[in-house]
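Visitor: fold the following for me, if possible:
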Amino acid sequence: MPQSLLVRDLSIFLVVQIAMIFFSHAEAYQEGKEGWKWNPKWWRIRLPAGYWYTAYHIFIFFITLPLLVFGIPLILVGWDTHLFLILLVSYLVGTTLEDFTWFLVNRDYPFSKWNPKDTRWYPWVALGRLSLPLSYVIKITIATLLSAYIFLIYY
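Guide: Below you'll find the model as predicted:
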């Protein structure tokens, strides 16, 4: 196993996670008790089952953060499939961690509301007695599969 490659990959992963944790603080201050969707200034895209995606979240999570997380490293080193996969795993886990941390640090929307009854702005899935946002399950599943692939191919 190329140890320097593993150390680099873990370092990238950790830096993205730390950045996402700090971003959750900024987002909690910005959104406050309203959470995901209630700013009337935001345009929205309607999703299936009555859910919405807001302009703010599209600009942040589909444009700005991907440009920073993927764009800067790939511009600096050029296209590198391995690096791209590490960044993708980091981003998938990081955006999940960021969302979860929002509930931990938001003084106006306490962690006790992290449940399907009180937080209805995204779909939840029941896994036994545990309920999780559907996006968490999807992103962590993809990140786990990609991590296994990276480990098998590159280490």
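
Visitor: please pull out the lowest mean pLDDT helix or strand from the protein.
Guide: strand 52-54 (a mean of 86; mean pLDDT, DSSP states H and E).

Visitor: what lines up beside that strand in the sheet?
Guide: For strand 52-54, the pairing partners within the sheet under DSSP bridges are strand 44-46 (antiparallel).

Visitor: got a list of contacts for the partner strand?
Guide: 37, 52-55, 58 (Cβ atoms under 8 Å, 6 or more residues apart in numbering). (C-beta placed from N, C-alpha, C; glycine too.)

Visitor: which of those lies closest to G78?
Guide: I58 (28.2 Å; Cβ to Cβ).

Visitor: tell me which element that closest one falls in.
Guide: helix 55-58 (DSSP states H and E).

Visitor: what is whichever helix or strand comes after that helix packed up against?
Guide: Heading C-terminal from helix 55-58, the first helix or strand you meet, by DSSP H and E, is helix 65-66. Packing partners of helix 65-66 (3 or more Cβ pairs under 8 Å, 6 or more residues apart in numbering; DSSP states H and E): helix 81-105.

Visitor: show me what the helix it packs on is packed up against.
Guide: Judged by 3+ Cβ pairs under 8 Å, 6+ apart, helix 81-105 is in contact with helix 3-31, helix 65-66, helix 72-77, helix 134-154.

Visitor: repeat that with 7 Å
Guide: Helices and strands touching helix 81-105, by 3 or more Cβ pairs under 7 Å, 6 or more residues apart in numbering; DSSP states H and E, are helix 3-31, helix 72-77, helix 134-154.

Visitor: these: which one's closest to V105?
Guide: Proximity to V105 (Cβ to Cβ) singles out helix 3-31 among the helices and strands packed on helix 81-105, at 5.1 Å.

Visitor: what mean pLDDT does the closest one get?
Guide: Mean per-residue pLDDT for helix 3-31: 95.

Visitor: next one: stretch 143-151
Guide: On average, stretch 143-151 scores 98.

Visitor: neighbours of the nearest residue to A19 once chain neighbours are set aside, how many?
Guide: Nearest non-adjacent residue to A19, counting by Cβ to Cβ, 6 or more residues apart in numbering: G94, 7.3 Å away. Neighbour count of G94, defined by other Cβ atoms under 10 Å: 25.
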